[in-house]
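Engineer: task: produce atomic coordinates for the following.
(one chain, ligands or ions: 1)
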Amino acid sequence: MSARERDRLVLMNPGPVNADERVRAALAGPDMCHREPEFAALLTRVRSRLVQVCGGDRDWSAVVLTGSGTAAVEAAVVSAPPRNGTVLALDNGHYGQRMHDIAAAHGIATRRLELGWGNPLDLAALDAALAADSSITHVTVVHHETSTGMRNDVHAVAGLVHRHGRAVIVDAVSSVGADPLDLADSGLDWVAGSANKNIEGMPGLSFVCGRRTAFEALGQAPTRSYYLDLHRNFLAQQVNTAPAFTPGIPAFYALDTALELLLAEGVEARGRRYLALAERLRAGLERLGLDLLLPAGHRANSLTAVRLPDGVPYREMHDALRAAGFVIYAGQEHLAKNYFRLSTMGCMTTADVDDFTAALGAFLGQVRPPVPGASAADRKENP
Ligand SMILES: *Cc1c(COP(=O)(O)O)cnc(C)c1O
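Structural biologist: Sure thing, here's the model as predicted:
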C-alpha cells in the first residue's frame, strides 16, 4: 500500500505521535482569554489530571509550561538546585548528557557519571559517587533514554539517592503516560514530561510534577531563568489559577482530551498496549534478520533501536518506507551511522505494525540478497 492508498502517514518517530481523532478535533476549540474563569478551570483540570497520570496524590502538584519537553526538563534543572547546589548527571545516552549540559549552560556546578550509550545505570558507582562528594544536591536521570530505547530503573536510583539525603530530577518525557511513575509511593522528587509522546496530545506543552511543599520552597532558590522559573510558574498557576505567560491554548484543549482518554485507558494498560506492538514489531524485525541494539531485559515498551543492515543506505530506506506510508527515525549522534529507531507510541494498530514489517521486508528484498535462515514465507513476500 502506498502512502496515498493509506488514509494516514504512520508516525514511528518517538513523538509527536498519531493522535486520536477526538484529540485533533479538540484543537479547534473556542477563542479564549487565558485570564478568564474558563481557562482557570481548564488549567486546574489539566494540572490535576497530570498529577493523576504520574501517580501523585494531594501532596503533589503539576506546573504546565508552553514549550516542548526540553522546556520542562530545563525548568526542573534550573529551578530545583539551591545556590551552591551541584548536579550529578547519570549519562547513558543523549538525553542523560543533555541534562548535564542544561545544568552547565546555566552555570550550575556539575558532575557526570558517564556509562556509555546502551549500558545500564551502575548503582554501585552512583552510591560511591554520592558517598565521595557531599556537594552533590541533585541527581538527574532519564527514565526512558530515547536515544537507545533503554528503560532506566529510576525508582531504584531514587531510593539510593534518598538514602544519601539528596534529590532526583527525572526526565520522564518519553515514559510518562505508558510507564507508571507512582509518585506518591516512590517519591521521585521532580518529574518532567511532555504532551505529545505517550500522553498522545499535541506538541507545544510540557510539565513538571513535584511535591506541593517543594514547589513552595523554591522561593528560596536562586532565579536562574525567568520564563522557566518553576516557582514563578507555580505561584501563577496554583495561587492565581492563571498562567504567568500566554499559554498554547489549542494545545491545552488537546491535552485535556488526551488526558481524559489516557485516564480512561489507564497508564498500565497503555504500557501493555505499546509493549504488545513493540514485541510484534521486534519479532518481525528478527524474522527479517535484523539485529536490535539492546538485550530484551532493558528495552522500553515504546521504542526499538535497530541495526541498519550492512550496505543499506538509511536515506533510501527512509524514503521508500515514507512512500509506503511510514515515517521512521534516524539514530542520534554516533548511532546515526549504524542504527535507526522505531517507536510504537500513539494510535498505532497491529495492522500498522504488520504492514510496516511487510514494507520493510519488501524494501530489503530489493536492496540485499535473501537472509539465510529467514523463513520461506518471508522470502516469498520479499522476492
Ligand atoms: C523527546 C524527548 C525530550 C524532549 O524533546 P523535545 O523535542 O524538547 O520535546 C526530552 N527527553 C527525552 C528522553 C525525550 O525522549
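Engineer: only C-alpha atoms from now on, for both contacts and neighbour counts.
Structural biologist: OK.
Engineer: leaving out sequence neighbours, find the closest residue to Leu294.
Structural biologist: Distance criterion Cα to Cα, 6 or more residues apart in numbering; nearest residue to Leu294, sequence neighbours excluded, is Gly118 at 6.8 Å.
Engineer: and that neighbour, how many neighbours?
Structural biologist: 19 (other Cα atoms under 10 Å).
Engineer: so what's it scoring on pLDDT?
Structural biologist: Gly118 is assigned a predicted lDDT (pLDDT) of 95.
Engineer: and it, what does it touch?
Structural biologist: Gly118 is in contact with 92-93, 148, 150, 293-294, counting by Cα atoms under 8 Å, 6 or more residues apart in numbering.
Engineer: helix, strand, or coil at whichever residue of the stretch 151-300 of the chain sits closest to the ligand?
Structural biologist: Among all residues of the stretch 151-300 of the chain, Ser174 sits closest to the ligand, at 4.4 Å; criterion: Cα to the nearest ligand atom. Secondary structure assignment for Ser174 (DSSP: H, G, I helix; E, B strand; the rest coil): coil.
Engineer: and it, how far from Asn13?
Structural biologist: Separation of Ser174 from Asn13 (Cα to Cα, to the nearest Å): 11 Å.
Engineer: residue ranges with poor pLDDT in the stretch 251-383 of the chain?
Structural biologist: Regions of the stretch 251-383 of the chain meeting the criterion pLDDT under 70 cover residues 369-383.
Engineer: for Val23, phi and psi?
Structural biologist: Per-residue torsions, Val23: phi -70, psi -40 (degrees, to the nearest 10).
Engineer: for it, give me its contacts.
Structural biologist: Applying Cα under 8 Å, 6+ apart to Val23 gives the contacts 201-202, 253-255, 257-258.
Engineer: so for Ser174 and Asn13, which sits in the more crowded spot?
Structural biologist: The neighbour comparison of Ser174 against Asn13 (other Cα under 10 Å) goes to Ser174, with 30 against 20.
Engineer: domains in this protein, as residue ranges please.
Structural biologist: Taking automatic domain parsing as the reference, the chain has its domains at 3-17+267-381, 21-265.
Engineer: please identify the deepest-packed of these.
Structural biologist: For these, ranked by mean neighbour count under the definition mean count of other Cα atoms under 10 Å, the leader is domain 21-265 at a mean of 20.
Engineer: straight-line length of that domain, end to end?
Structural biologist: With Cα to Cα as the measure, domain 21-265 spans 16 Å from end to end.
Engineer: chain center to that domain: distance?
Structural biologist: Offset of domain 21-265 from its chain centre (Cα atoms, centre = their mean, to the nearest Å): 11 Å.
Engineer: tell me which element Ala305 falls in.
Structural biologist: Assigned by DSSP states H and E, Ala305 falls within strand 303-307.
Engineer: is that strand positioned near the ligand?
Structural biologist: No: Strand 303-307 does not reach the ligand (Cα under 6 Å from any ligand atom); its nearest approach is 9.9 Å.
Engineer: what packs against that strand?
Structural biologist: Using 3 or more Cα pairs under 8 Å, 6 or more residues apart in numbering; DSSP states H and E, the elements in contact with strand 303-307 are helix 267-287, strand 339-343.
Engineer: before we move on, back to that, part of a strand, is the residue nearest to Leu294?
Structural biologist: No: read with three-state DSSP, Gly118 is coil and lies in no strand.
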